[in-house]
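> A structural model of the following input is requested.
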Amino acid sequence: SFPADFIAEGVDQTRGWFYTLHAIGTAVFDSVAYKNVMSNGLVLDKNGQKMSKRLGNAVDPFTTLEKYGPDATRWYMIANANPWENLKFDLEGIDEVRRKFFGTLYNTYSFFVLYANVDGFKYAEKDIENRPEIDRWILSELNLLVKDVTEFYNDYEPTKVARAINNFVNDNLSNWYVRLCRRRFWKGDYSDDKISAYQTLYTCLETISKIAAPIAPFFMDQLYRDLNGMTGKNTAESVHLTDFPVAQENLIDQDLVEKTHLAQQITSMVFSLRKKENIKVRQPLQKVMIPVLDAKTEQQILAVSDLIKQEVNVKELQLINADEASHLIVKQIKPNFKTLGARLGKDMKTVAGEITNFTADQISTLEKEGKMEIQSYEISLDDVEIFTKDIPGWTVANEGKMTVALDLTLTEELKAEGIAREFINRVQNIRKEKGFELTDRIVIKIEENSPFEKEIMNNKSYISEEVLSDEIEIVISLANFEEIEIDEKKFKIQVIKK
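All right, here's what the predicted structure looks like:
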């Protein structure tokens, strides 16, 4: 069609190509030659220098494509910088894309197909109508992604497309949905709940193959063909012959998305506190305490409280109001000079002084309202850094409007449960090393007088359920054994397939 929807060429062709096309189009057809132009920046070396044979910093494109493949290379180049910006080209970046995006997506597909083959899932059933909340959440996120990606493609913003898909695959699909749903795939009968999980994950993978195909045509076509080969849902032989997905507004639940984001944020903050205090996630803790600033946030957190407790491995989640928080949690504030400097100029010192001297009530108001006026300047949460002092026996983190406090007290009961979880991990590793099938039942034997014998036997039922063990027994000695280590203490166990 004429004029063209868009053309693309290097920035050095502005005068020699872009202008010339318009001049010819106007003279011959009395029309512009194109509607949009994507002016590509230059590809530089990783230090920002122009590539040249003389400097020895040129990258051989054919060697790169042979080693990393065209899709990983293209995805890296598009996701790393807008096409009209200069790109600092680093081979390590391509390798990271291959591992973190394509590797994660492939592992997610492998997980799906492993269990789908065990259960004989072919997507032969009608779509489950009343899906569990977590399925409805990921489908909400998926349809929001389709909306965003469609808009980005239409606006010639491929970098935003790649980054949005990457975030969905890593943060929402792999790190949250699949991780939380693992048990649904490998436990229980072929029920509506399990079918819903299969249908939901299949839909996510199939949709990703379609919306990412313009950037990664080979990988996504193979993903689509593998999925469709299992179910035969689509008549199109290639992903490039299918229609582009259209967002289904009726599947978007904004409130569900918001409260799940809260759960993700709180979980991330508690994980960071555990890391800071060097406490493993497998070690249960008693309580997380969260101050809430409004009724809506309180209701949203309560709705996902069980999920948060399960994720961060705590027994209780306590919500407290602003007044209670002011007596328990001491907050401090300081100006963010990076964001304020350009705006405030000569008034920087005065405004920074006022921010530094904020009272607890002023900090609370800023957190609640999100902004405040000082010396005729509007100050937002981005313009300050709010941090908290730890309470004795607790550790505290602050992020934007959210504050979480984690109880560090470890009772003997909590320690014992932590040992049981570590033991489960070691047994699962042995199952994998021995090549046991997912459904194989086992017997576990432990040499007597081993460390943690009491903790393991007191949690016998829980351990047996998790590792598919029919029996855990203490024996005098073991001729054949695997040596495991928990908390730097080694002991012998035997794992036998029944």
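
> which residues are in contact with the lowest-mean-pLDDT helix or strand in the chain?
Between all helices and strands in the chain, the lowest mean by mean pLDDT, DSSP states H and E belongs to helix 322-328, at a mean of 70. Contacting residues not belonging to helix 322-328 are listed as Met289, Pro291, Val292, Leu293, Ile320, Ala360, Asp361, Ser364, Lys368, Ile391, Thr403, Ala405 [Cβ atoms under 8 Å, 6 or more residues apart in numbering]. Any C-beta I mention is one placed from the backbone N, CA and C, and that applies to glycine too.

> one more time with 10 Å
With contact meaning Cβ atoms under 10 Å, 6 or more residues apart in numbering, helix 322-328 is reached by 289-294, 318-320, 331, 359-361, 363-365, 367-368, 388, 391, 394, 396, 403, 405.

> And stretch 451-464, by the same measure?
For stretch 451-464, the surrounding residues in contact (Cβ under 10 Å, 6+ apart) are 412-413, 415-424, 427, 441-442, 444, 446-447, 450, 466, 469-474, 485-491, 493.

> can we see that at 7 Å?
Applying Cβ atoms under 7 Å, 6 or more residues apart in numbering, the external contacts of stretch 451-464 come out as 416-417, 419-420, 423-424, 446, 469, 472, 474, 486, 489, 491.

> What's the end-to-end length of it?
19 Å (Cα to Cα, to the nearest Å).

> Could you pull out the buried residues of that stretch?
Going by neighbour count (16 or more other Cβ atoms under 10 Å), the buried part of stretch 451-464 is Phe452, Glu455, Ile456, Asn458, Asn459, Ile463, Ser464.

> which residues touch the closest residue to Glu258 other than its chain neighbours?
Nearest residue to Glu258, sequence neighbours excluded (Cβ to Cβ, 6 or more residues apart in numbering): Gln300, at 6.3 Å. Counting by Cβ under 7 Å, 6+ apart, Gln300 makes contact with Glu258, Lys259, Leu262.

> Helix or strand for the first one, just tell me which one.
Glu258 belongs to helix 254-277 when elements are defined using DSSP states H and E.

> got it, and Lys35?
Counting by DSSP H and E, Lys35 is part of strand 34-40.

> next one: Lys160
Taking DSSP H and E as the definition, Lys160 sits inside helix 158-167.

> Now the strand or helix carrying Ile78: buried residues?
Assigned by DSSP H and E, Ile78 falls within helix 70-80. Within helix 70-80, the residues that count as buried by 16+ other Cβ under 10 Å are Asp71, Ala72, Thr73, Arg74, Trp75, Tyr76, Met77, Ile78, Ala79, Asn80.

> ok so, going back, which residues does the helix holding Glu258 contact?
Helix 254-277 is contacted from outside by 133, 136-137, 140-141, 176, 281, 288, 290, 300-301, 303-304, 307-308, 311-312, 395, 397, 399, 402, 404, 406, 408, using Cβ under 7 Å, 6+ apart.

> Quick check: buried residues in the helix or strand just after it?
Following helix 254-277 in sequence order, the next helix or strand is strand 285-291 (DSSP H and E). Of all the residues in strand 285-291, those buried under the rule 16+ other Cβ under 10 Å are Leu285, Lys287, Val288, Met289, Ile290, Pro291.

> Would you mind giving these as JSON lines with distance to Thr104 and pLDDT added?
Listed next are those as JSON lines, based on distance: Cβ to Cβ, whole Å; pLDDT from 0 to 100:
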{"residue": "Leu285", "distance to Thr104": "29", "pLDDT": "96"}
{"residue": "Lys287", "distance to Thr104": "33", "pLDDT": "94"}
{"residue": "Val288", "distance to Thr104": "28", "pLDDT": "94"}
{"residue": "Met289", "distance to Thr104": "33", "pLDDT": "92"}
{"residue": "Ile290", "distance to Thr104": "30", "pLDDT": "92"}
{"residue": "Pro291", "distance to Thr104": "35", "pLDDT": "88"}
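
> Farthest-apart pair in these, please.
The largest distance within these, taken as Cβ to Cβ, falls between Leu285 and Pro291 and amounts to 18.4 Å.

> Would you mark the buried spots in stretch 469-480?
Neighbour-count burial for stretch 469-480, with 16+ other Cβ under 10 Å as criterion, is recorded at Ser469, Ile472.

> So Leu65 is in contact with Ala72, correct?
No - using Cβ atoms under 7 Å as the test, Leu65 is too far from Ala72 to be in contact (9.4 Å).

> Touching both of those two, which residues are there?
Common contacts of Leu65 and Ala72 (Cβ under 7 Å, 6+ apart): none found.
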